[in-house]
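1. the sequence isn't on hand, but the structure is:
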C-alpha cells in the first residue's frame with residue numbers, strides 16, 4: 001500500500017477539488033491495480049485499513065479535546081489562562097486568531113471520505129460483491145462495502161457538526177467552482193447512504209467483526225444520531241441567502257445578522273427516524289454490545305468496568321477481542337506507540353517527570369467546574385468517583401510539607417494551571433494508575449495504547465430515551481431506559497425516576513447524560529440540541545458567582561446536595577494497600593485515605609513509603625481556627641488552600657469568568673456560536689462562494 005500512502009500524503013487541503021490520477025486506477029508495472037486490490041476481501045480491507053489509520057492519527061488523535069467539545073459545558077471547562085486553546089469552547093469565535101486551527105482535521109475528514117467513497121465504488125464493481133449483494137445475508141464483500149460507507153458517513157457527520165455547512169459532494173471529481181452545502185443535506189445523505197447498506201453488514205460479534213471496525217450495530221446508531229442532530233436545535237447561518245432551500249425553521253432569540261438558534265419545522269420526522277434506528281442499535285441489531293451491569297470484582301462497580309478495560313488496553317476483565325462489550329465502535333489504539341492521547345490530554349493529571357516512564361506526563365486539559373463537582377451526583381452513585389478526581393500523580397519526591405516520596409498522589413489546587421499544578425477536579429476515566437498493567441511495555445509519550453470510545457451502549461440508550469421524550473409517544477419507554485442506567489449506577493432501583501413527560505422528562509435525561517458521560521464530549525452537544533444552551537450557560541455562571549461569594553463571606557459554601565466546599569482542606573501522606581494499588585470504591589466518608597475512592601497510585605518506582613493522600617474537609621467545613629483543625633495538625637495533617645484560591649487570587653477569578661461561557665455575556669438572547677473555521681484555502685479557492693460565518697475569521 002506504499003503508493004496509496006504517497007498519493008494521500010501529497011494531498012492538500014481539498015484534494016477533492018483538484019484533478020489527479022486515482023491510485024486505484026494505476027496500471028503501471030509494479031503497482032497494484034483494481035483487479036489485485038479487490039482480488040479478495042482481505043486485500044480490499046487493506047485499502048480501508050489505511051482510512052482507519054488516518055482517522056486515528058489525524059482526526060481522533062487527541063479525542064474530542066481537538067474540537068473542544070468537553071472544554072465548554074455546564075460541567076466541564078479548561079483551566080489554562082490566558083489561552084487560545086478554548087476560544088470555541090467558551091463561545092468566542094471572534095477570538096479565533098488562526099483560521100487554520102482545525103485544518104488537519106478538516107483536511108483529513110475530507111480525504112478519508114473521498115477515499116472511502118472511491119473504495120466503495122471499486123468494491124461495488126467486483127463480481128464477488130455483485131453476487132453477494134443479491135443474497136439475503138451479509139458476506140465479507142457486503143460488509144466491506146458497508147464499512148466503507150459507514151466510515152464515510154462518520155467523517156461527513158463530523159464535518160457537519162463541527163464546521164456546520166461545508167462544501168460537500170465534490171469527492172473524486174474535478175471541479176473549478178464549489179459552494180456551501182447545507183448541513184441538513186449532509187445529514188440526509190448520511191441517513192440515506194447508511195439505510196441502503198446497514199442490512200448487509202455484520203453486527204458486532206458476527207463474521208469476525210469487532211467494535212474496532214464499522215459494523216451494522218454502529219451504522220444503526222449513527223443513522224439515529226444523524227437524524228437526532230438534524231431534528232434538534234442548532235445554530236444556523238442567516239448571512240447566506242438560500243443556503244437551506246425551502247426548509248422552514250422555528251427560532252429562539254434574536255438574529256444578529258449572522259446566525260440564529262433554530263429547529264427545522266419538520267423535526268418530528270427526523271426524531272422518528274432517530275427513535276427507529278437507535279432502537280435497532282440498542283435492541284435488535286446490538287450484536288454482542290451490551291450495557292455492562294455486573295462486576296465480578298469485590299468492588300462491584302459495573303460502570304467502572306468499561307473504563308478498566310480501556311485503561312488496561314483491552315487486557316483481562318470482560319474485554320472482547322481487546323474492546324469493551326459496551327462499545328459500538330472504538331478507535332483501535334491497542335498497540336502502544338501510536339499517535340493518540342488518552343490519558344494525556346483528557347485523563348487524570350500527572351506531572352511532567354520521569355518516574356514510571358511517560359506515565360506521569362498527563363496534561364489533563366478537561367476539568368470539572370467546581371459547582372458540578374459538589375452538587376451533581378447523589379449519594380450512592382457509583383459513577384461519581386470513577387468520573388471525577390481531586391488528586392493526580394507526582395513524579396518527584398516532595399521535601400516541602402507535607403513530605404512525600406516520588407510517585408505519590410498530589411492534591412490538585414483550584415485555579416489556573418495544568419497537570420497537577422492547578423485546575424482542580426479532573427476527569428478520572430482515563431488513568432495510567434488504573435490499568436491491569438499500568439507500566440505498559442514500550443509506551444511512548446502521548447501514546448498510551450488506550451482505545452478511543454466513539455459510542456457506547458449507555459450513550460445510545462440515553463439518546464433513544466431523548467428521542468422518545470421529544471416524540472412523547474413512549475414516555476414510559478424513555479423512563480425505563482433512564483432507570484436501567486440509574487440502576488447500574490446505584491446498584492438497585494431505589495433511585496429510579498418516576499413517571500415524567502415533556503420538558504421534565506427531557507431535563508431528567510440530559511441530567512443523566514451529564515452524570516453518565518462526563519468528560520466524553522457529549523454534554524456540550526446535549527446543551528445545544530436541547531435549545532437551552534444559553535439558559536444553562538447563564539445558570540452555571542451564576543452558580544459559580546454565588547459559590548465564590550459564599551466562600552469569601554463565610555469561608556465555606558453549602559450546595560443543595562448538602563456538600564460543602566471550604567477555603568481550606570487538610571492533607572497527610574499515608575500508606576494504603578502497601579502503596580501498590582489504586583484505591584477502589586469507598587463509601588466510608590470517615591476514611592480520609594480511601595474516600596473519595598478510585599484514586600490512589602500505582603507504585604511506579606517500587607519503593608516503600610507513604611504515597612497515598614488522606615484528605616479532611618473536602619466535603620464539610622472545618623473551622624481553620626477551631627479545635628478540630630488543631631487536632632488534625634497535631635496528627636500530622638497540613639492545611640492546604642482549597643476554595644480560597646477560587647476567589648482570593650484575581651487571576652483565578654478571571655480564569656473562571658473567561659473560561660466558563662464568557663461568550664454568552666452580551667449574547668444572552670442570541671445564538672450560541674460553537675463551530676470551527678474552515679481553512680483559508682477553502683475560502684480563497686471558492687471564488688467568493690464560501691465564507692466562514694458565526695463571527696469566525698475569513699483570512
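-> Noted; the coordinates are in hand. Just so we're clear, the structure is a prediction, and the values are computed from it rather than from any experiment.
2. gap between the helix ranked longest in the chain and the chain center?
-> Scanning the chain for the longest helix, with DSSP state H as the assignment, gives helix 140-163. Distance of helix 140-163 from the chain centroid (CA atoms, centre = their mean, to the nearest Å) equals 19 Å.
3. just checking, what packs against that helix?
-> Applying 3 or more CB pairs under 8 Å, 6 or more residues apart in numbering; DSSP states H and E, we find helix 140-163 packed against helix 41-54, helix 103-124, helix 127-132, helix 183-197, helix 216-230. Glycine gets a C-beta too; all of them are placed from N, C-alpha and C.
4. apply 10 Å and report the result again.
-> Secondary-structure packing of helix 140-163 (3 or more CB pairs under 10 Å, 6 or more residues apart in numbering; DSSP states H and E): helix 41-54, helix 103-124, helix 127-132, helix 183-197, helix 216-230, strand 327-331.
5. now do it, average pLDDT.
-> Averaging pLDDT along helix 140-163 gives 98.
6. check stretch 685-693 too.
-> Averaged across stretch 685-693, pLDDT comes to 97.
7. same check on stretch 326-345?
-> Stretch 326-345 carries an average pLDDT of 80.
8. kindly report the same for stretch 448-462.
-> 95.
9. about what we covered before: so which of the helices and strands packed on helix 140-163 is nearest residue 149?
-> helix 183-197 (4.8 Å; CB to CB).
10. now do the closest one and helix 216-230, the angle between them.
-> Counting by axes from the mean of the first three to the mean of the last three CA atoms, to 10 degrees, helix 183-197 lies at 160 degrees to helix 216-230.
11. got the contact list for residue 643?
-> Taking CB atoms under 10 Å, 6 or more residues apart in numbering, we find residue 643 in contact with 370, 374, 414, 424, 547-548, 550-552, 555-557, 564-569, 617, 621.
12. buried ones from the residues you listed, can you make that a ChimeraX selection?
-> Buried residues within the contacts of residue 643, by 16 or more other CB atoms under 10 Å, are selected in ChimeraX with:
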select :370,374,414,424,547,548,550,551,555,556,557,564,565,566,567,568,569,617,621
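13. ok, back up a step: mean neighbour count and distance to residue 391 added to the helices and strands packed on helix 140-163, as a markdown table?
-> As requested, the helices and strands packed on helix 140-163 are arranged in a markdown table below (neighbours: other CB atoms under 10 Å; distance: least, CB to CB, whole Å):
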| stretch | mean neighbour count | distance to residue 391 |
| --- | --- | --- |
| helix 41-54 | 18 | 36 |
| helix 103-124 | 22 | 33 |
| helix 127-132 | 15 | 54 |
| helix 183-197 | 20 | 42 |
| helix 216-230 | 28 | 35 |
| strand 327-331 | 26 | 28 |
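14. in the stretch 551-699 of the chain, which spans are strands?
-> Assigned by DSSP state E, counting those that start in this stretch, the stretch 551-699 of the chain shows strands spanning 556-558, 564-566, 568-574, 612-616, 638-641.
15. using a markdown table, lay out these together with distance to residue 379.
-> As requested, the strands of the stretch 551-699 of the chain are exported to a markdown table (distance: least, CB to CB, whole Å):
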| stretch | distance to residue 379 |
| --- | --- |
| strand 556-558 | 15 |
| strand 564-566 | 14 |
| strand 568-574 | 20 |
| strand 612-616 | 18 |
| strand 638-641 | 25 |
